[in-house]
Each structure stands twice: as structure tokens, then as C-alpha cells.
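Undergrad: With the input below, show me the fold.
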Amino acid sequence: MVPADEGEPRAVPAKPTGILRQGVRFGLHLLAVYLIVQFLTMWVAGRVYDVVLPFVQQHQPTVSWFQFVFSHLFAFSFFPSLAVGFMYSEWFRHRVALFVWIVPVVVLAYKFATFPSSLFQNHFAVAFHEYFARGFMIPEFHSYRELFELVAPNPDARRGMEQLHYTAPVYAAIGYSLGAWLPIRFSFPKLDAAVQSLKPSWRPATRNEVP
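TA: Residues are numbered from 1 along each chain as shown. I've put the predicted structure just below:
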């Protein structure tokens, strides 16, 4: 008797090691997104605030540092992540990085859906204002003690911190995934060569490679 499926292609089950490897890669890319928001976003915003803004305006900024950062949170989280995702994808083509935006979006969607509002408020409008609206009015602070004292009573400062924790990772993750997708989809010969020249190498140099 001949088996019914003889001669037909059989589905090859995914190897547990392959799934585990992809899971680890996804976790590392996700961690990179949150690290970008916590460190690179704030660092870039600080350099723009301290150096670029006074140069462009020809005087010291008239708004506080936090007010400036929160008012331009999309730019300071999306574009640095786009650059990091693009550079990393030029070095290592991990397609799993294309889906790193899913977790931050799910987290923000949950916060958006469960944001408290009264019966007399439009829940969507209140939640949208909390996580996406700009228009911050935050005074300057001179110490971390002043900062923590400022966040609690100031609704704009609290709203800005909420956007930093939940909205900025969405901006950053979308930028990171887009940056990882661009080298996979398109070719940029000169830019590819320049970025590849910066790729770190863990292979020790041979005798012939030593200058």
C-alpha cells in the first residue's frame, strides 16, 4: 500500500533553535529601541537645545529643556532610531527587526484604551491629548529634586513623562523598523559602502593585515 502523501512535499517544522534565535534577536532589537529613547533621544535633544538652538536663534532658549524635548519628541525619537536601524541593517540583515514596533504599539494601545476619563468626557479626545498632544508649559528646573517636585503638581510635566515612556517608544520603534527595512528593499551604493566600512569586526587581524 502506498501512503497517501507519498511524492508530495512535506512541511519542514521550524527548528526550536531557530525560533529561539529569532526570539533573542527580537528581544535585543526591542531593548535597543527603549535604550535609544532613554539615552540617545535625550542626548540628541540636549545637544540641539544647548548648541543648535542658541546658534539659530542668536540667543539662549526661552523655553525650558523639558518643554523643548517634549514638544519635539517625535523628531528626537524617530530620526535617531531610523539612523540606528539603518546602520545595523547594513551590517546584519535581521528581518525580525521589521516587527519590533508591535510591542510598543500594543503597550500604548492598552494605555490609551484604559486611560481614565469621566462620564462627561470624550474618552478618545482625553486619551489622545494625554499621549499625543503638544502644547507643553513646563518651567525650568535647577536640580533633580526640583524636577521630581515639578512632575507631580504640573500636569504638562506629568503628561510629557507619559509620552516619553509610552509614545516615544512607538515613534522610535517605527523609525527603527523603517531603517532596518530600507537596506533590505533598496540599494544605496555609496552610502552602503560608507556604512559597511564602519562595521565592527570581531575577527583578529592576521599577520599580513597588521600595518
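Undergrad: And what about the residue most central in space within the chain, helix, strand or coil?
TA: Among the residues of the chain, the one closest to the centroid is Ala172, at 2.2 Å (Cα atoms, centre = their mean). Following DSSP: H, G, I helix; E, B strand; the rest coil, Ala172 is assigned to helix.
Undergrad: Low-confidence stretches in the protein?
TA: By pLDDT under 70, the low-scoring segments of the chain are 1-17, 142-144, 147-148, 150-152, 191-192, 194-196, 198, 200-211.
Undergrad: Do a quick rundown of the strands in this structure.
TA: Using DSSP state E, the chain contains no strands.
Undergrad: residue boundaries of the helices in it?
TA: For the chain, applying DSSP state H gives helices covering 16-35, 41-47, 53-57, 65-71, 73-91, 102-113, 123-131, 144-151, 155-162, 168-185, 189-196.
Undergrad: For Met137, find the nearest of those helices.
TA: Nearest to Met137, of all those, is helix 155-162, at 5.2 Å by Cβ to Cβ. Yep, even glycine has a C-beta here, placed from its N, CA and C like the rest.
Undergrad: For that closest one, enumerate the helices and strands it packs against.
TA: With contacts defined as 3 or more Cβ pairs under 8 Å, 6 or more residues apart in numbering; DSSP states H and E, helix 155-162 has these neighbours: helix 65-71, helix 123-131, helix 144-151.
Undergrad: try it again with 6 Å
TA: Helices and strands touching helix 155-162, by 3 or more Cβ pairs under 6 Å, 6 or more residues apart in numbering; DSSP states H and E, are helix 144-151.
Undergrad: Quick one: the helices of the chain as TSV, columns for distance to Ile138 too.
TA: TSV is the format used below for the helices of the chain (distance: least, Cβ to Cβ, whole Å):
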stretch	distance to Ile138
helix 16-35	23
helix 41-47	14
helix 53-57	16
helix 65-71	4
helix 73-91	13
helix 102-113	21
helix 123-131	15
helix 144-151	7
helix 155-162	5
helix 168-185	16
helix 189-196	37
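Undergrad: Comparing those, which stretch has the densest surroundings?
TA: Mean neighbour count (mean count of other Cβ atoms under 10 Å) peaks for helix 168-185 among the helices of the chain, with a mean of 23.
Undergrad: Give me the contacts around that one.
TA: Helix 168-185 is contacted by residues 33-34, 36-37, 73-74, 77-78, 81-82, 85-86, 89-90, 97-98, 100-101, 104-105, 108 when judged by Cβ atoms under 6 Å, 6 or more residues apart in numbering.
Undergrad: and the angle for that helix with helix 123-131?
TA: 80 degrees (axes from the mean of the first three to the mean of the last three Cα atoms, to 10 degrees).
Undergrad: Quick check: the gap between the closest residue to His129 other than its chain neighbours and Lys199.
TA: The spatially closest residue to His129, leaving aside those adjacent along the chain, is Arg159, at 7.9 Å (Cβ to Cβ, 6 or more residues apart in numbering). As judged by Cβ to Cβ, to the nearest Å, Arg159 and Lys199 stand 41 Å apart.
Undergrad: How about Val170?
TA: 29 Å.
Undergrad: repeat for Phe124
TA: Look at Phe124 and Lys199: by Cβ to Cβ, they are 46 Å apart.
Undergrad: next one: Val48
TA: Val48 is 28 Å from Lys199, by Cβ to Cβ.
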